[in-house]
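In: A structural model of the following input is requested.
(one chain, ligands or ions: 1)
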Amino acid sequence: MEFVEYPDREMLALMLADKLTGQLGQHLRTNDRSSLCVPGGTTPSPVFDNLSGNDLDWGRVTVFLGDERWVNGDHKRSNSRLLRRHLLKDKAAAADYVDLYTGDPTPEDAIEVLGQRIEPHLPITVVVLGMGTDMHTASLFPGAPGLEQALAPDAPPLMAIRAEGADEPRVTLTARLLRNAIHTHVLIMGPEKREALERARKADPVDAPIRAFLDDATVHWAE
Ligand SMILES: O=C1O[C@H](COP(=O)(O)O)[C@@H](O)[C@H](O)[C@H]1O
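Out: From the prediction side, this is the model:
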């Protein structure tokens, strides 16, 4: 694991956005298309705001979330809503977006079609993961029924998750897809998440799902 500490959140947002742009651009030099998998939640919007204005051949980039909350796209807890407001605008409006919310009554109803939507964009070129203070990442929550399967090397591409720590049913990419990304970044801010990261480093992925991704990740942190 590489750990990068920034003097402040603004600097983190600027420098991480440039790093992601560079890695996607480099990949596009030798490939027709690149894929960018990003987190939702409360942390990444400043990174997205910077990223959306960066020069990149966005028309050859496919963007999707690592997880989605099973709510309408205009709901305030929708991760897609966050992306539409902060990432899929400006220069990045040209990117292709694969929405994980289908409008089906439950995420279980959509799992098969979502697998088909994501499959053409694998392996993920660049994944950015967030983390909660409970050490969940994407919607891989400690204690969630099915978590062991979602962490297994033979997991399906996506799974529906219903966890105590989550307010609504979710859909998540499984560890198999997320771990196979070419470049892996973890984005965390604040002292509580830094402490959680230290706990996760000593834990088992079943108790601290973010642990499954740390060995190959660059962790970006600012107070
Ligand atoms: O519920 C979620 O939580 C994590 C962490 O979110 P944050 O609000 O603590 O930044 C996020 O990475 C995930 O995509 C989201 O659905």
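In: my guess is F3 contacts V219, does it?
Out: Yes - with contacts defined as C-beta atoms under 8 Å, F3 counts as touching V219 at a distance of 5.0 Å. For the C-beta atoms, the positions are set from N, CA and C on the backbone; glycine is no exception.
In: is it true that D8 touches A222?
Out: Yes - under the contact definition of C-beta under 8 Å, D8 touches A222, with a separation of 5.7 Å.
In: which residues in this protein form helices?
Out: If you assign secondary structure with DSSP state H, the helices in the chain sit at 9-30, 45-52, 79-86, 107-118, 147-151, 175-179, 191-201, 211-214.
In: between F3 and V219, tell me which one has more neighbours.
Out: Here F3 and V219 are set side by side on neighbour count (other C-beta atoms under 10 Å), and the busier one is V219, at 23 against 14.
In: please name the nearest non-neighbouring residue to that one.
Out: V186 (4.4 Å; C-beta to C-beta, 6 or more residues apart in numbering).
In: which residues sit against the lengthiest strand in the chain?
Out: Looking only at the chain and at elements set by DSSP state E, the strand with the highest residue count is strand 183-189. Contacts of strand 183-189 from elsewhere in the structure, counted by C-beta atoms under 8 Å, 6 or more residues apart in numbering, are 9, 12, 16, 19-20, 23, 39, 43-44, 47, 125-131, 137, 178, 194, 196-197, 210, 213-214, 216-223.
In: picking up where we left off before, more crowded one of D8 and A222?
Out: A222 (20 against 11).
In: separation between that one and R194?
Out: Taken as C-beta to C-beta, to the nearest Å, the spacing of A222 relative to R194 amounts to 10 Å.
In: residue contacts, F48?
Out: Taking C-beta under 8 Å, 6+ apart as the criterion, F48 is in contact with 17, 38, 82-83, 86-87.
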